[in-house]
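K.L.:
model this:
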Amino acid sequence: METKIGGDRAKEISSRLPFDEAFHTDTIGYAGGLWMLWNSDRVEVSILSSTEQEIHAVVKVLNSNLSWLFTAIYASPRTAERHILWENLNKVAELHNMPWVLAGDFNEPLLNEDKFGGRAVSVNRSLLFKECLDNCGMIDIGFSGPRFTWTNKREVQALIQERIDRFFVNASWCTLYPEARVVHLTRCHSDHCPVMLDMLPTNHMGRKRPFKFQTCWLTDPTFPRIVSHAWRQHNILEGAIETFSKEALVWNKVQFGNIFAKKKKIKARLNGIQKVVGVRPSTFLLELEKELLGELDTILR
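P.N.:
Numbers count the residues shown, from 1 in each chain. This is a model prediction of the structure:
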């Protein structure tokens, strides 16, 4: 992902995230700053090379023993530097025949339908982009969710929206993961929306969720009593953890359940609005989106 943060600050922030391994690139002025984050108990990642615009790595999935090439992209806003990136990708394509995923912010709409508002898509630039993708054997496997991944967040008369954050895969990767799908998730605080590649989609309906500690519990003054009560009932760690897990879930439903339900409802409404704005933007919908984002900020504080 592009974070606009590099150096020691990048390392400091990523060390607090729920991943035990990370790799960072430098920013390009006030843009760029690619981070690749992973958990070493799930994948083995070998970094091959990197520039300010790309990270190339071999990913080995530990529970399946499958390996493939993953390239994280932040294409420069400057056309000349994007041309360098396309040339680099062409060279990488000549050096391997592995299953391959390209992912990131390409800063270039590929088709006219990938943009709303502003200047028309440059035919020459999009042809160079497409030529690079063809040379790399890349396939667009489509997406679900809102149509565009970036917005300038302006009023409807000046609104620009683009689909520039993407996943591309080659044919041999498709063979490994034939059910894979791309999802444009709800955009909340950024001008970009998160984009997820779901490699093994499954139906989670009816499946019991594992226990998960919620950081927001620490902000509630009644939470220490839940911990103390669990420890007082047991002399061994295993029993205390089991009691704490059960009691914390009940307490969470009473104290925070309404908050989580509100958050889920607001994000669902935002996703629906962003889908419609991608097709028929209006002042009413853009104002409603701002209101809901304000409500979401209030809940998350």
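
K.L.:
Please make it C-alpha for all contacts and neighbour counts, starting now.
P.N.:
Will do.

K.L.:
Just give me the residue closest to the centre of the protein.
P.N.:
Among the residues of the chain, the one closest to the centroid is Pro194, at 3.8 Å (C-alpha atoms, centre = their mean).

K.L.:
in terms of contact, does that one touch His184 like I think?
P.N.:
Yes. Using C-alpha atoms under 8 Å, Pro194 is in contact with His184, at 6.3 Å.

K.L.:
Identify the contacts common to these two.
P.N.:
Common contacts of Pro194 and His184 (C-alpha atoms under 8 Å, 6 or more residues apart in numbering): Thr149.

K.L.:
State the pLDDT value of the residue nearest to Ala120 when sequence neighbours are not counted.
P.N.:
Using C-alpha to C-alpha, 6 or more residues apart in numbering and skipping the chain neighbours, the partner closest in space to Ala120 is Asn112 (7.3 Å). The model reports Asn112 with a pLDDT of 95.

K.L.:
try Asp26
P.N.:
For Asp26, the pLDDT comes out at 72.

K.L.:
Neighbours of it, how many?
P.N.:
Here the count is done by other C-alpha atoms under 10 Å, and Asp26 has 19 residues near it.

K.L.:
Quick check, it in contact with Trp35.
P.N.:
No. Because the distance of 9.4 Å does not satisfy C-alpha under 8 Å, Asp26 is recorded as not touching Trp35.

K.L.:
intersection of neighbour lists for those two?
P.N.:
The contact sets of Asp26 and Trp35 do not overlap (C-alpha under 8 Å, 6+ apart).

K.L.:
Helices of this protein, start to end?
P.N.:
Using DSSP state H, the helices of the chain run over 7-14, 79-95, 123-135, 171-176, 223-233, 237-255, 257-277, 283-300.

K.L.:
Just the buried positions in the first one, please.
P.N.:
Yep, that's helix 7-14 we're talking about. Ala10, Ser14 (16 or more other C-alpha atoms under 10 Å).

K.L.:
what do you get for the shortest one?
P.N.:
Of the residues in helix 171-176, those buried by neighbour count under the rule 16+ other C-alpha under 10 Å are Trp173, Cys174.

K.L.:
What mean pLDDT does that helix get?
P.N.:
94.

K.L.:
contacts for that helix?
P.N.:
With C-alpha under 8 Å, 6+ apart as the test, helix 171-176 has contacts from Trp68, Met98, Pro99, Trp100, Val101, Gly137, Met138, Ile139, Ala180.

K.L.:
mind checking how far the closest residue to Glu155 other than its chain neighbours is from Ile266?
P.N.:
With sequence-adjacent residues excluded and distances taken as C-alpha to C-alpha, 6+ apart, Glu155 is closest to Thr283, at 6.8 Å. Here the criterion is C-alpha to C-alpha, to the nearest Å. By it, Thr283 lies 19 Å from Ile266.
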